[in-house]
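Visitor: dropping a prediction and its sequence here:
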Protein chains: 2
Amino acid sequence: MGGAVVRRRYLELVPLAEARERFLKACGKLGVLAPREEEVHARNALGRVASREVRARIPSPPAPCAAMDGYAVRSADTFGAKPSAPRFLGEGSFLPVDTGNPVPSPFDAVVPVEEVEGAPGGIEVRRAVAPGQHVRAAGEDFPEGATLVLPGGTFTPEAIAACIATGNPRVWVKRKLRLLFIPTGSELLPPDAPLQPGKVHETNSIVFRAHVERWGGEAEIHPIVPDEPGLLERALKEALEADYDLICICAGSSKGRGDHIPGLLSRMGELLFHGVAMAPGKPTLCGIVGERPVLGLPGYPVSLWVSMRQFLKPLFEEYYGLPLEREGKVAGVLKRRVHSPLGTREFVRVRLEETEEGTSVIPLPGGSSRLSTLLFADGILEVPEEVEFIPRGARVEVELIPRGR
Amino acid sequence: MGGAVVRRRYLELVPLAEARERFLKACGKLGVLAPREEEVHARNALGRVASREVRARIPSPPAPCAAMDGYAVRSADTFGAKPSAPRFLGEGSFLPVDTGNPVPSPFDAVVPVEEVEGAPGGIEVRRAVAPGQHVRAAGEDFPEGATLVLPGGTFTPEAIAACIATGNPRVWVKRKLRLLFIPTGSELLPPDAPLQPGKVHETNSIVFRAHVERWGGEAEIHPIVPDEPGLLERALKEALEADYDLICICAGSSKGRGDHIPGLLSRMGELLFHGVAMAPGKPTLCGIVGERPVLGLPGYPVSLWVSMRQFLKPLFEEYYGLPLEREGKVAGVLKRRVHSPLGTREFVRVRLEETEEGTSVIPLPGGSSRLSTLLFADGILEVPEEVEFIPRGARVEVELIPRGR
């Protein structure tokens, strides 16, 4: 320790779009985006993405069944029946049925209960029925072979019900991407541990896991790795032995003493970029080690959030081939001038306020270290690279922050 | 069995708004809507609704810490420092720190790494820092006592991280409503069972559970009860012994032979309504048995879906005090005339098609027995009670159907 410690500087900052492209390209090259699938019980497929078309293996309903409560009959037996001249049907020539009950041959129609009176030894039918009337034909809902879910479609509750009704108790879904999250930092305590002086709780893994799972991934959280090069190297080597699609290392990618990750990645493999021209989220980096992509995520909570949305969300969207979270945008009037360095894409947390004149967009003060700016924000105002400031009073579009349920 | 079977008719149909009011009122009277809470680990609170305000018990960060990588110093020691006249600090008068590391007293500022050069026996500081510069003060993100989540607020990933960072490893949330779902019907097989002739798979419980869980409830699924009065009565009595907020009985509430639920509820308690003036979903009923609300849900899949959205979703919204699923509406041009009986609220499943002239709204043919109409629909067109038809070419508003993720 002392003054002789060598400190690394950022390599050149890479524009966000280019950094994202390098990351996604590396993931593609390394097979992360290749289609992989697994078979699961349809009941467990909620929210999963279909990897194959699902077709009805059996028709639904599987056989003719009553569409109303009443009596299954041979329609020919009822011809000419009317209230003034009911037809008598004796035992064996009718069958009481409730909605959903099978209508077995030779019966071919159902007389609704309202059109029938009891009579000694049978029933009196007061209105004729046509062949097939009040009967749901086999396959009326889904004929055999009907497409239920297309590849790339999401299994909704209704789709799952349809699968089960048509002889598809198991379905093929895209395998979830498996992400490892390695929190680093000697000052960190596990979220459950009691607080100690000079320490803070590690909470980034909570935010990571929640978003990754919502986007359709599996997140495994590695124990906290203190800022010692040997330990992280060992953790990384172990992780490479396992079956993760992507290894995310959190914090330790800026310029500090403990920030040895860029060097480690360069030594163990290839560093694709280190430092992205966005704020928050600048200390994002990416490398390839042992044929596996490694993403370095910033440790400040707001930076982490921005970086995840800019790098991980597009990864899931590309893997699944569908857009995630259509949260929508809101337009409003900017209530405070916003500055951003030229060449940097800035993500400003804003509060929205409904006023008589419309929606007000109020930038929240505070840096990327402040989780509170994210917690109390309603949306994100993006300032493009070529814009140095947006004046007060400008009409701007804000991306709403997705909220829980 | 034979002609002498007595068949019940619908009691008078109740308008939807009134039926819903009776149901919610009964739930209110019976304590279902009363606030109840439980304490959970903050890590397990994702998506739950806060029952109490959460405040920071300790500040975050808990102590001053470095906002940049560099050297913790006494700011007074650096006064006057500039590149042309750096200040030398010897061992003990500085401390190398990384972002997030504590800045212990008497140090009160951080000199960024870029402004420091190593020197024999110490460091040379090339720029002065002011007291507090590049230091995150204790409580900068959340001061002690700061409000993190208000009662009625939803725990997002970020809110959970904030709770853990501020000494709130456990939080109070509204208890989930507990719903029992009793599927009835002699023709039903459990979703997992192999198909048998004359039988169909019970799939309504899958749709029920998925929606109830999404709305913040707990769903327990009862084994299938065949259409025999004694069996359902026994199941209902057992259910009353348990701790459910609401008992839902599926099917068996229309007019058939096995449809003895209205009679059963009248005998065991009070029938609040039987038959709602809506389509699909007419055979919805509600009663009170043993101080417990009982909702009879229709057996046809589309009817069930509509009835759940019209009765259960408002129950959850009232219990939690917040709107669920802001799915949004879409306007478009109706491509086929739609009919609906006067006095009935009709929920027409429609497909949306984007054309050069805008959005086309195409009603899907097929009755409420057809799950396919729901599966392939994009939205719902509501036809109010006082409207008998909507002409082709009319501009209509469609409620989008919420989809999976």
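Guide: Received, thanks. Numbers count the residues shown, from 1 in each chain, chains lettered A, B, ... in the order given.
Visitor: tell me where the stretch 101-250 of chain A has strands.
Guide: Assigned by DSSP state E, counting those that start in this stretch, the stretch 101-250 of chain A shows strands spanning A:109-112, A:116-119, A:122-125, A:135-136, A:147-149, A:170-174, A:177-183, A:188-189, A:200-201, A:217-221, A:246-250.
Visitor: can you list those in JSON lines and add mean neighbour count?
Guide: C-beta here means a position set from N, CA and C on the backbone, and glycine is covered the same way. As requested, the strands of the stretch 101-250 of chain A are exported to JSON lines (neighbours: other Cβ atoms under 10 Å in any protein chain shown):
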{"stretch": "strand A:109-112", "mean neighbour count": "25"}
{"stretch": "strand A:116-119", "mean neighbour count": "16"}
{"stretch": "strand A:122-125", "mean neighbour count": "21"}
{"stretch": "strand A:135-136", "mean neighbour count": "24"}
{"stretch": "strand A:147-149", "mean neighbour count": "21"}
{"stretch": "strand A:170-174", "mean neighbour count": "20"}
{"stretch": "strand A:177-183", "mean neighbour count": "23"}
{"stretch": "strand A:188-189", "mean neighbour count": "20"}
{"stretch": "strand A:200-201", "mean neighbour count": "22"}
{"stretch": "strand A:217-221", "mean neighbour count": "18"}
{"stretch": "strand A:246-250", "mean neighbour count": "26"}
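Visitor: mean pLDDT added to those, as JSON lines?
Guide: As requested, the strands of the stretch 101-250 of chain A are exported to JSON lines (pLDDT from 0 to 100):
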{"stretch": "strand A:109-112", "mean pLDDT": "96"}
{"stretch": "strand A:116-119", "mean pLDDT": "92"}
{"stretch": "strand A:122-125", "mean pLDDT": "95"}
{"stretch": "strand A:135-136", "mean pLDDT": "94"}
{"stretch": "strand A:147-149", "mean pLDDT": "96"}
{"stretch": "strand A:170-174", "mean pLDDT": "98"}
{"stretch": "strand A:177-183", "mean pLDDT": "98"}
{"stretch": "strand A:188-189", "mean pLDDT": "92"}
{"stretch": "strand A:200-201", "mean pLDDT": "92"}
{"stretch": "strand A:217-221", "mean pLDDT": "98"}
{"stretch": "strand A:246-250", "mean pLDDT": "97"}
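Visitor: between these, which gets nearest to A:L375?
Guide: strand A:200-201 (15.6 Å; Cβ to Cβ).
Visitor: packing partners for the closest one?
Guide: Packing partners of strand A:200-201 (3 or more Cβ pairs under 8 Å, 6 or more residues apart in numbering or on different chains; DSSP states H and E): strand A:188-189, helix B:157-165.
Visitor: closest one to A:R57 among the ones you listed?
Guide: In terms of Cβ to Cβ, the element of the helices and strands packed on strand A:200-201 nearest to A:R57 is helix B:157-165, at 39.9 Å.
Visitor: low pLDDT regions in the stretch 251-400 of chain A?
Guide: Residues of the stretch 251-400 of chain A that meet the criterion pLDDT under 70 lie in A:252-259, A:325-327.
Visitor: and the strands in it?
Guide: For the stretch 251-400 of chain A, the strands defined by DSSP E, counting those that start in this stretch cover A:270-274, A:278-279, A:285-289, A:292-297, A:329-334, A:338-339, A:345-355, A:358-363, A:379-383, A:389-390, A:395-400.
Visitor: so for chain B, which of those strands sits nearest?
Guide: Nearest of these to chain B, taken as Cβ to the nearest Cβ: strand A:395-400 at 9.9 Å.
Visitor: mind listing what the closest one pairs with, with the direction of each?
Guide: With DSSP bridges as the test, strand A:395-400 is paired with strand A:329-334 (antiparallel), strand A:379-383 (antiparallel).
Visitor: mean neighbour count and distance to A:G118 added to those, as JSON lines?
Guide: Listed next are the strands paired with strand A:395-400 as JSON lines, based on neighbours: other Cβ atoms under 10 Å in any protein chain shown; distance: least, Cβ to Cβ, whole Å:
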{"stretch": "strand A:329-334", "mean neighbour count": "17", "distance to A:G118": "64"}
{"stretch": "strand A:379-383", "mean neighbour count": "19", "distance to A:G118": "67"}
